[in-house]
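Colleague: Pasting a predicted model and its sequence here:
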Amino acid sequence: MAIENPFVFGKAAEGAYFTDRTEDAKRLHANLTHGINTILISPRRWGKTSLVKKVIGEIDRPDITPVFIDIFQCKSEYEFYHAFASAIIKQTSSRLEEWVETAKSFLTNISPKFSFGPDPMNDFSLSFEWNPKEDTGADILQLPERLAQKKKTHLVVCLDEFQQIADFDDSLKFQKKLRSVWQHQQNVTYCMFGSKKHLMENIFNDKSKPFYKFGDLMFLKKIPTEEWVPFICSKFQESGKSISERQASTICEVTENLSSYVQHLAWVVWYKADKVVTDNDVKEAIDDLLEQNKVFFQREVEQLSERQLNFLRTLADGVTSGFSRKEIIRKYRLESSANVQAVKKALLKKDLIDVDGQRISFNDSLFKQWLKRQTYYD
Ligand SMILES: Nc1ncnc2c1ncn2[C@@H]1O[C@H](COP(=O)(O)OP(=O)(O)O)[C@@H](O)[C@H]1O
Ligand SMILES: [Mg+2]
């Protein structure tokens, strides 16, 4: 008998593991099947990859071909082209001969070469001769449009972890190049998504940047408690255990509805509990999860300055705005309001906090819980 885990974390939630997001899915589906470029933004582990995979998995049309590219590993323009070309060639056909033919006919200027591993259908790599002086990049950026025309199809190209391009050398120039090629394509729709909200906003929501108004900007929200509770309860029930609605909402509360932590904590509660979940099971599961993550949190703390740490402690203590107030600065030893600004910037860059107007939030809800337990104020 196959044993199924009732919860999933650490990889995209698909099928029965996926919950809610009906409106987001509808909007994204409509966009991607009607040629509207879309940008999807949220902090890490809220559910962007899961949502995009679900939506492209449900596009059931012979005239639309989705391509999924994760650029997390790409550290340069060159690596981007490489990942881009490989994914497009591979995912637009399931025939090996066609890959080779496509590469040869569309990438003539860069002499593409294939090397195949033991399982050639899943295991191939593409290499090409690269001369940054001649603009070989444009050839690669044109590839989806040319392929779409030849195959009389429409491509939906999804670029995960797109914020990575902000770190490339001369990123702005690269962004200009992408935009200038992509904006003329008639048969390709782009879906770009990523975390590090400040970086994504910097690329897409700044009037002076090439990608300003490139497409529909979607900000993903957290899945609300009303959606999580029935999901958690039914997962327990289907697997022969039971949890109360109150206990399920405690799971949401502690994790502040951060999707991957909700699923992770639910899993720990599930395996610890007998048939019926007790409050003590929930309490112990929280302790366990914090303990499991302790090394990461400690490592994070080691890399913070004292003021940065004090700022995070302020947030963990429940303060969300007014950091420049005298009594806050004194109580949490934040030094000065100029210092507060500098610290905010640094923490934003480390992706530890998010700023929404006047409101500042701690991105990692469990790190926050853990810090809270380490800190006492009189
Ligand atoms: N719609 C969803 N329903 C249930 N769980 C989800 C959903 N979206 C995300 N999750 C949970 O969050 C985790 C991270 O999701 P992911 O899509 O990888 O986030 P992101 O791409 O924003 O970093 C998943 O492994 C899963 O545990
Ligand atoms: Mg993701």
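Modeller: In hand now; what should we look at? Ligands and ions are numbered 1, 2, ... in the order given.
Colleague: which stretch of helix or strand covers Arg45?
Modeller: Counting by DSSP states H and E, no helix or strand carries Arg45.
Colleague: Next, it: phi, psi?
Modeller: Dihedral pair for Arg45: phi 60, psi 30, per degrees, to the nearest 10.
Colleague: That one: neighbour count?
Modeller: Per other Cβ atoms under 10 Å, the neighbour tally for Arg45 reads 19. Every C-beta, even on glycine, is put in place using the N, C-alpha and C of the backbone.
Colleague: Could you find the closest non-adjacent residue to it?
Modeller: Among residues not flanking Arg45 along the chain, Ser260 sits closest, at 3.9 Å (Cβ to Cβ, 6 or more residues apart in numbering).
Colleague: element containing that neighbour?
Modeller: If you go by DSSP H and E, Ser260 is part of helix 259-272.
Colleague: Next, report how far that helix is displaced from the centre of its chain.
Modeller: 20 Å (Cα atoms, centre = their mean, to the nearest Å).
Colleague: Please list all residues in contact with the residue nearest to Arg45.
Modeller: 9-10, 45 (Cβ atoms under 8 Å, 6 or more residues apart in numbering).
Colleague: What is the nearest of the residues you listed to Ser242?
Modeller: Ser242 has its nearest neighbour among the contacts of Ser260 in Phe9, at 21.5 Å by Cβ to Cβ.
Colleague: What strand or helix carries that closest one?
Modeller: Here Phe9 is assigned to no helix or strand, by DSSP H and E.
Colleague: And it, how close does it get to ligand 2?
Modeller: Distance, Phe9 to ligand 2, by Cβ to the ion, to the nearest Å: 12 Å.
Colleague: Next: Ala103.
Modeller: According to Cβ to the ion, Ala103 and ligand 2 sit 28 Å apart.
Colleague: Confirm for me that Gln369 is in contact with Val254.
Modeller: Yes. Look at Gln369 against Val254 with Cβ atoms under 8 Å: they come within range, at 6.4 Å.
Colleague: and Phe68, that one's in a helix?
Modeller: No. Read with DSSP: H, G, I helix; E, B strand; the rest coil, Phe68 is strand and lies in no helix.
Colleague: how many other residues sit next to it?
Modeller: 17.
Colleague: Next one: the closest residue to ligand 2 within the stretch 1-150 of the chain, what pLDDT does it get?
Modeller: Closest contact between the stretch 1-150 of the chain and ligand 2, by Cβ to the ion, is at Thr49 (3.3 Å). In this prediction, Thr49 carries a pLDDT score of 97.
Colleague: so who does it touch?
Modeller: By Cβ under 8 Å, 6+ apart, the residues touching Thr49 are 12, 160, 193.
Colleague: Just name the closest of the residues you listed to ligand 1, please.
Modeller: Taking Cβ to the nearest ligand atom as the measure, Ala12 is the one of those closest to ligand 1, at 4.9 Å.
Colleague: Quickly note the distance from the closest one to Thr255.
Modeller: Distance, Ala12 to Thr255, using Cβ to Cβ, to the nearest Å: 18 Å.
Colleague: Between these two, point out the one with more neighbours.
Modeller: Neighbours per residue (other Cβ under 10 Å) separate Ala12 from Thr255, with Thr255 holding more: 24 against 16.
Colleague: Skip the chain neighbours and tell me the closest residue to the more buried one.
Modeller: Nearest residue to Thr255, sequence neighbours excluded (Cβ to Cβ, 6+ apart): Tyr261, at 3.7 Å.
Colleague: pretty sure the one you found is touching Gln369, no?
Modeller: No. The pair Tyr261 / Gln369 is not scored as a contact, 9.7 Å apart, by Cβ under 8 Å.
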